[in-house]
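Participant: here you go, sequence then predicted model.
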Amino acid sequence: MNRINQKLQENKKILSIYFSAGYPSLNDTVQIIQDLEKNGVDMIEIGLPFSDPLADGPTIQESSTQALHNGMTTQVLFDQLKDIRKTVAIPLVIMGYFNPMLQYGIEKFCQKCAEIGIDGLIIPDLPVGVYAEEFKATFEQYGLKNIFLITPQTSNERIHFIDSVSDGFIYMVSSASVTGSQSGFGSTQETYFKRIAAMNLKNPQIIGFGISNQETFNQATQFAKGAIIGSAFIQNLTNNGVGSIGEFVEAIR
């Protein structure tokens, strides 16, 4: 069974952390992953930096730009991760835009992910219909779960379609804004969380965007299986360095 599916079966709320590979320094990637697992994080989203991100707020954009300056590329990331499964057991997901994957070659990219032990991909700019028609078979051949995003604006019909082609979790974007731009959730978001929970989807949901501390983590996980923290974690790396990971995770839990 895929590590994502195994993790989702555990009787606990999932804490997933996102960071940009190659930030703060090019060779920090592996240490950050190892330290996150060691401190009790359940799943990690490794951001593949891209020069033209759609949904990323300023914190993630800046870390992505710095990572590219540091020399991060798709191949460098694969080289860094080649032995990651000797030390890390939790699910690892690569989050990136479609263009770098296309340039690398979709099948070659999926094959490399399978060799390394990557469990899934999040590709915000790959439409679900295109995925279902053109790429689903390849992803499945290499044991990769493709994770789709939904927002408060996503229609019920589309959510059911995403649910039908998914076999992992659904990334539930808490609002229609970019990452890192909120503090706390209002009644509009809670209404949305409840609406999705009431749809009884077959895939569990994990909420992202606007989760930054214990309060927002607990708020989000009342309505979903877990929550994803990105901008707040990257801001912590910027301010306090890689040595501060333990304290950051402890403050969330």
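Facilitator: Happy to help now that I have it. Numbers count the residues shown, from 1 in each chain.

Participant: what lies in contact with the helix or strand encompassing I17?
Facilitator: Assessed by DSSP states H and E, I17 sits inside strand 14-20. Outside strand 14-20, the residues that touch it by CB atoms under 8 Å, 6 or more residues apart in numbering are 7-8, 32, 36, 40-47, 49, 60, 63-64, 66-67, 72, 93, 95, 206, 208, 217, 225-230, 233-234, 237, 249, 252-253. (C-beta placed from N, C-alpha, C; glycine too.)

Participant: what ranges does the stretch 1-150 of the chain have for its strands?
Facilitator: Applying DSSP state E, counting those that start in this stretch to the stretch 1-150 of the chain gives strands spanning 14-20, 43-47, 92-95, 120-122, 145-147, 149-150.

Participant: and for the stretch 151-253 of the chain?
Facilitator: 170-173, 205-208, 226-229.

Participant: separation between the closest residue in space to N27 that isn't next to it in sequence and G47?
Facilitator: With sequence-adjacent residues excluded and distances taken as CB to CB, 6 or more residues apart in numbering, N27 is closest to Q80, at 7.2 Å. Distance of Q80 to G47, given as CB to CB, to the nearest Å: 13 Å.

Participant: overlap in contacts of those two?
Facilitator: A21.

Participant: which one's more surrounded, those two?
Facilitator: The neighbour comparison of Q80 against G47 (other CB atoms under 10 Å) goes to G47, with 27 against 20.

Participant: give the bridge partners for the more buried one, please.
Facilitator: S20, M95 (DSSP bridges).
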